[in-house]
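# Would you be able to build a 3D model of this:
(one chain, ligands or ions: 1)
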Amino acid sequence: MAAENYERVHIIGSGGSGKTTLARKLAVILDASYYELDHIGYENGAKRSLEVRYEDVRRIASQPTWVSEGGFVWWVDDLLQPRRRGRFSVAGRKLHTRVRQSTMNQNIQDEQVAYYRARAGEYDEWFRRDGRYDRGPEANARWAEEIASISDALAAFNPAGDVLELAAGTGWWTERLARYAASVTAVDASPETLAINRGKLGDASVRYMEADLFEWQPDRQYDVIFFSFWLSHVPLERFDAFWGLVRSCLKPNGRVFFLDSRYSETSTAADHRLEGEDATTTLRRLNDGREFRIVKVFYQPDDLAARLAALGWGMTVRTTPNHFLYGSGAPAL
Ligand SMILES: C[S@@+](CC[C@H](N)C(=O)[O-])C[C@H]1O[C@@H](n2cnc3c(N)ncnc32)[C@H](O)[C@@H]1O
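Okay, the predicted model is just below:
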């Protein structure tokens, strides 16, 4: 399709791929204004406020013709809303769908971090079965028994040596890992949960790192990698990349232990509604009524083990009677 047929064009591409040159040439051909996302996002090397960025993006999007360029970021979603669908080429529509999908994923990942940051002070109510998580003495006793059986499985696994805990949270499992490990590195995106974790352990053998696991890269390798109630928060389309990250964190002969939720009505708060075993997101509520949509993927043990085997992992995945799924193993290849 000839360039003249386009009215609003956003060009994405990796650094140095020529998107600025292309955008400038196209802007001349279309007699359109030309914008660089870098200039909207930053001023004198500092990030501009979200409000100011949105304001600029909406102003640009409201113009009849423009060309913009820059690595795609979720706050430019307004720029990418098609005004007249008929004018989008097939490639353009496909790209737009992919870009929208990645925007939605980024939004929900951001909302997930915001949720756990806001929830930090009340997070342990879930583990302790307090307040909205109190499902009565019998159900609470079953919960405690199942936690104890996983603690036993972790002890048998023996997470010794240098241990990396991903999405460590408020430290329920950091405490257990510290009993066996020579050192623990605990990574989480929420400074609030890490502060609680640090307060519980007060242990110099734990190194804390605040980082977004979808961007983080390890600075060393570990004997054991552990994550609890994290895999279910990894978007399905990031599953392979996440396990690639896990592998890159492991020493040769390193091992992995993880645990997570099974689909069970009584695991979550009494005022949370499960949205079906195949749902991949869920709505969570805080004690003050604020609501957040987060990623929540429920796995069946056999399916999960098969998915992992296809990625080259030898993992055994087991379940407790009601609430939990847990796995351990190492790269098979
Ligand atoms: C369900 S909690 C699990 C915490 C802990 N592992 C446990 O078992 O109690 C999920 C944790 O993931 C963290 N988290 C959410 N999104 C993250 C991200 N993108 N990168 C790193 N941590 C993230 C949250 O801050 C929270 O502490």
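
# tell me the average confidence for stretch 38-53?
Mean pLDDT, computed over stretch 38-53, is 75.

# Give me the buried stretch members for that stretch, please.
Neighbour counts over stretch 38-53 (16 or more other CB atoms under 10 Å) mark 40, 41, 53 as buried. Where you see a C-beta, it was placed from the backbone N, CA and C, and this is true even at glycine.

# do stretch 143-156 as well
So, applying 16+ other CB under 10 Å, buried residues of stretch 143-156: 143, 146, 147, 150, 153, 154.

# separation between the residue of the stretch 151-300 of the chain found nearest the ligand and residue 137?
Residue nearest to the ligand within the stretch 151-300 of the chain: residue 169 (2.4 Å; CB to the nearest ligand atom). According to CB to CB, to the nearest Å, residue 169 and residue 137 sit 26 Å apart.

# go on, residue 123?
Residue 123 is 22 Å from residue 137, by CB to CB.

# and the two? which has more neighbours close in?
residue 123 (19 against 9; other CB atoms under 10 Å).

# I'd like the distance from the nearest residue to that one once chain neighbours are set aside to residue 324, if you could.
In space, and not counting its chain neighbours, residue 123 is closest to residue 170: 5.1 Å by CB to CB, 6 or more residues apart in numbering. Distance of residue 170 to residue 324, given as CB to CB: 18 Å.

# These two: which is more packed in?
residue 170 (26 against 22).

# Show the model's pLDDT score for that one.
pLDDT, read off for residue 170, is 97.

# same thing with residue 174?
97.

# count of residues packed around it?
26.

# for residue 275, same thing?
12.

# in which helix or strand would I find the closest residue to it other than its chain neighbours?
Leaving aside its chain neighbours, residue 275 sits nearest to residue 282 (5.6 Å; criterion: CB to CB, 6+ apart). Secondary-structure assignment from DSSP states H and E places residue 282 in strand 281-285.

# Can you tell me the strand partners of that strand and which way each runs?
Counting by DSSP bridges, the strands paired with strand 281-285 are strand 291-295 (antiparallel).

# how distant is the helix or strand encompassing residue 138 from the center of its chain?
In the assignment (DSSP H and E), residue 138 maps to helix 137-157. From the chain centre to the centre of helix 137-157 is a distance of 26 Å (CA atoms, centre = their mean, to the nearest Å).

# any idea which helix or strand carries the residue of the stretch 151-300 of the chain closest to the ligand?
Residue 169 belongs to no helix or strand when elements are defined using DSSP H and E.

# Can you tell me, leaving aside adjacent residues, what's nearest to the residue in the stretch 1-150 of the chain that the ligand sits nearest to?
Residue nearest to the ligand within the stretch 1-150 of the chain: residue 116 (3.3 Å; CB to the nearest ligand atom). With sequence-adjacent residues excluded and distances taken as CB to CB, 6+ apart, residue 116 is closest to residue 190, at 4.9 Å.

# ok, the one you found - contacts?
Residues in contact with residue 190 (CB atoms under 8 Å, 6 or more residues apart in numbering) are 113, 116, 117, 120, 169, 210.

# Drop anything exposed from those.
Those of the contacts of residue 190 that meet the buried threshold are 113, 116, 120, 169, by 16+ other CB under 10 Å.

# which outside residues touch the helix or strand that contains residue 239?
In the assignment (DSSP H and E), residue 239 maps to helix 239-249. Helix 239-249 is contacted from outside by 164, 166, 213, 216-218, 221-222, 225, 231, 234, 256, 307-308, 311, 313, 331, using CB under 8 Å, 6+ apart.
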